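**Q** Quick one, structure for this:
(2 chains)
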Amino acid sequence: MIVAEQKPLEEIRRMIVPFERVLIIGCGTCMTVCGAGGEREVSFLHNALRVAQAKSGNGTHTFSEYTLKRQCDLEFLDLLVDKVGNVDAILSLGCGIGVQAIAERFPDLSVLPGVNTSFMGMASEWGIWDERCAACGDCRLEETAGICPITRCTKGILNGPCAGTKNGKCEANKDMDCAWILIYKRLERLEQLEKMRRYRPPRNFRTIPRPRRIMIKADIAVGGGDG
Amino acid sequence: MANSLFEEKLCSGEFLVTTEIGPPKGVDTAEMVHHIDLLKDKVDAINVTDHQSSVMRFPSIGGCLLVKEHGGEPILQVTCRDRNRLAIQAELLLAYSRGISNVLCLTGDSVDVGDHKAAKPVFDLDSVQLLKMAKTMESGTDMEGNELKGAPKFCLGASVHPEADFIEPQLLKFEKKVAAGAQFFQTQGIFDLASLRRFMQYASQFEVKILAGIIVMASAKMARYMNDNVPGIIVSQAIIDELATAEKGKGLRKGIEIAARLIRTIKEENLCHGVHIMAVGNESIVPDILETAQLVDVHP
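**A** Model (predicted):
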């Protein structure tokens, strides 16, 4: 899933200054799970903005709120049509994709990002999110025992650990596991250490020309199998 | 025929001494030139570091040109941290065209340890891929197989960490570097000769030359600091304790004695093919180390 962090309240308050009527939009999928922008967070932020405005004594914003099932889908955004008529800006607590989907769907409306989209990852324990996939477009996890060196090595190197690893940790961050030590240990456990010996050529960045697009329309139209 | 004077010496079997110079942060190269003049006739080659510890400086290639101009034998250090494959190949072409053929191929320290922490870490290649790319260029094409107008020839080196606390994956990578074309290795700092002996028992099966990295410590405090902050350095407790016995103001002297003792033992016991002295900011003491290690006769 996509993991994000809500922006600091002060940054959000600076962004909304030019807009009087602000609609805060949450997202019911990833942002709800990672606690950055679900229904609960929308409600908290709504209150926090009102309280901050009352305390500061300046600002004449009015706020409304709504949480969509999913912001990154034009179909779901249709539900906003009758809610945006009387607002000046949308403050989206969706990920960067949600923010851009709103911008595309409502070309005449300003949309502001309320979260910093961080990475694709998982919760390794409650409240701790770790990045796991870099969406490199060329998955080689078979070769590295299911541990991604592109994502989890700070240098993203492919032919084994650098010399900076110490106590199994990374030179860039002593709290972070060295991906290549994890890979080595897991390959050893799986009796596949010969994979550590394989030369891995430089990455092919043509697999990720930005922005990327995947087209499966044709496949769907033609249909699969022999039916 | 050898591709460089240094390669010729690598083949000669004599005990080799290399050292390294860190270029200035700025355009005042006077001190660097002073160090080059001081060292060029006392060592077999001088590495010029490539933004060591990810701290932005005058470039390695610029320093190597100065070494060359002043009659020394340079070793270009190339890391993968700051340039993609196009830029690195171009730099290798430039280096060769200016008579710089010795290249130490490194992955490079993480951007996070340096002074431009917000920089984009490139790492388009790693050290093994870099070695292979340089080898490919020698065959007359770039890494994509496009023909080069004039092919370079290099003497390729790499790094290895015999004192890594988890050695097996490091050794596997060492083998990849050998297979990719590394002819010589300048090791990370050696502080415990037992680990060098163990490493050489294993490494001697390969047709490569090993120069043991010797880092000169100026104090116990510096050793502890490097242990905590400098990637790839593990100073043994015995060395830290010995440095701590130095009288106030005599730390560097103690560091010189330790370095010289390590070098002398390595040479006397014929542990490996030479040493690579890293004085980290104290380049001017290298002659003193050589004298203390009684190597001056080897390199008058």
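**Q** Of all the residues in chain A, which one is nearest chain B?
**A** Of all residues in chain A, A:G164 sits closest to chain B, with a separation of 3.2 Å (C-beta to the nearest C-beta). All C-beta spots, glycine's among them, are computed from the backbone N, C-alpha and C.
**Q** So that residue sits against B:I233, correct?
**A** No. With contact defined as C-beta atoms under 8 Å, A:G164 does not count as touching B:I233 (9.2 Å).
**Q** per-residue confidence at B:P300?
**A** pLDDT for B:P300: 44.
**Q** typo on my end, B:G251
**A** For B:G251, the predicted pLDDT is 93.
**Q** What sits closest to it if chain neighbours are left out?
**A** B:S219 (3.7 Å; C-beta to C-beta, 6 or more residues apart in numbering or on different chains).
**Q** For burial, what's the neighbour tally of B:D82?
**A** A count of neighbours around B:D82, defined by other C-beta atoms under 10 Å in any protein chain shown, yields 21.
**Q** That one - nearest residue in space that isn't next to it in sequence?
**A** Per C-beta to C-beta, 6+ apart, closest to B:D82 is B:V122, 5.7 Å.
**Q** Can you give me the pLDDT of residue 86?
**A** Looking at chain A here, since you left the chain open. On the pLDDT scale, A:N86 gets 93.
**Q** I was thinking of chain B, sorry if that wasn't clear
**A** 98.
**Q** and if you look at A:R14?
**A** Looking at A:R14, the pLDDT reads 96.
**Q** residues of the helix or strand containing it that come out buried?
**A** Per DSSP states H and E: A:R14 is located in helix A:9-16. For helix A:9-16, a neighbour-count test (16 or more other C-beta atoms under 10 Å in any protein chain shown) marks A:I12, A:R13, A:M15, A:I16 as buried.
**Q** The helix or strand harbouring A:L187 close to chain B?
**A** Per DSSP H and E, A:L187 falls inside helix A:179-189. Yes. Residues of helix A:179-189 contacting chain B under C-beta under 8 Å from any C-beta of the partner chain: A:W180, A:I181, A:Y184.
**Q** what about residue 88, how many neighbours?
**A** Just going to use chain A. Neighbours around A:D88, by other C-beta under 10 Å: 16.
**Q** other chain: chain B
**A** By other C-beta under 10 Å, neighbour count at B:I88 equals 23.
**Q** What residues does the residue lying closest to B:K254 once chain neighbours are set aside make contact with?
**A** Closest residue to B:K254 apart from its sequence neighbours, by C-beta to C-beta, 6+ apart: B:A246 at 3.8 Å. Neighbouring residues of B:A246 by C-beta atoms under 8 Å, 6 or more residues apart in numbering or on different chains: B:S219, B:A220, B:R253, B:K254.
**Q** pLDDT wise, what is residue 17 at?
**A** All of this is about chain A. In this prediction A:V17 is given a pLDDT of 95.
**Q** oops, chain B please
**A** At B:V17, pLDDT is 98.
**Q** Now do the phi/psi pair for it.
**A** phi -130, psi 120 (degrees, to the nearest 10).
**Q** same check, this time on A:N116
**A** phi -100, psi 120.
**Q** what about it, how many residues close to it?
**A** Using other C-beta under 10 Å: A:N116 sits among 14 other residues.
**Q** next one: B:S97
**A** 10.
**Q** domain ranges for chain A?
**A** A:2-119, A:134-201 (automatic domain parsing).
**Q** B:L295: which of the ones you listed is closest?
**A** The closest of the domains of chain A to B:L295 is domain A:134-201. By C-beta to C-beta, the value is 26.3 Å.
**Q** for that closest one, how far is the first residue from the last?
**A** 18 Å (C-alpha to C-alpha, to the nearest Å).
**Q** Likewise for stretch B:46-57?
**A** 17 Å.
**Q** quick one: buried residues of that stretch?
**A** Within stretch B:46-57, the residues scored as buried using 16+ other C-beta under 10 Å are B:I46, B:N47, B:V48, B:T49, B:D50, B:H51, B:Q52, B:S53, B:S54, B:R57.
**Q** Take the residues you listed and write them to a markdown table, including pLDDT, secondary structure and distance to chain A.
**A** Converted to a markdown table, the buried residues of stretch B:46-57 look like this (pLDDT from 0 to 100; DSSP: H, G, I helix; E, B strand; the rest coil; distance: C-beta to the nearest C-beta, whole Å):
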| residue | pLDDT | secondary structure | distance to chain A |
| --- | --- | --- | --- |
| B:I46 | 98 | strand | 21 |
| B:N47 | 98 | strand | 16 |
| B:V48 | 98 | strand | 19 |
| B:T49 | 97 | coil | 15 |
| B:D50 | 97 | coil | 15 |
| B:H51 | 96 | coil | 15 |
| B:Q52 | 92 | helix | 13 |
| B:S53 | 93 | helix | 10 |
| B:S54 | 96 | helix | 10 |
| B:R57 | 97 | coil | 19 |
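**Q** List the contacts of the helix holding A:L187.
**A** By C-beta under 8 Å, 6+ apart, helix A:179-189 touches A:144-149, A:151-153, A:157, A:160-162, A:165, A:168, A:170, A:193, A:195-196, B:166, B:168-169, B:172.
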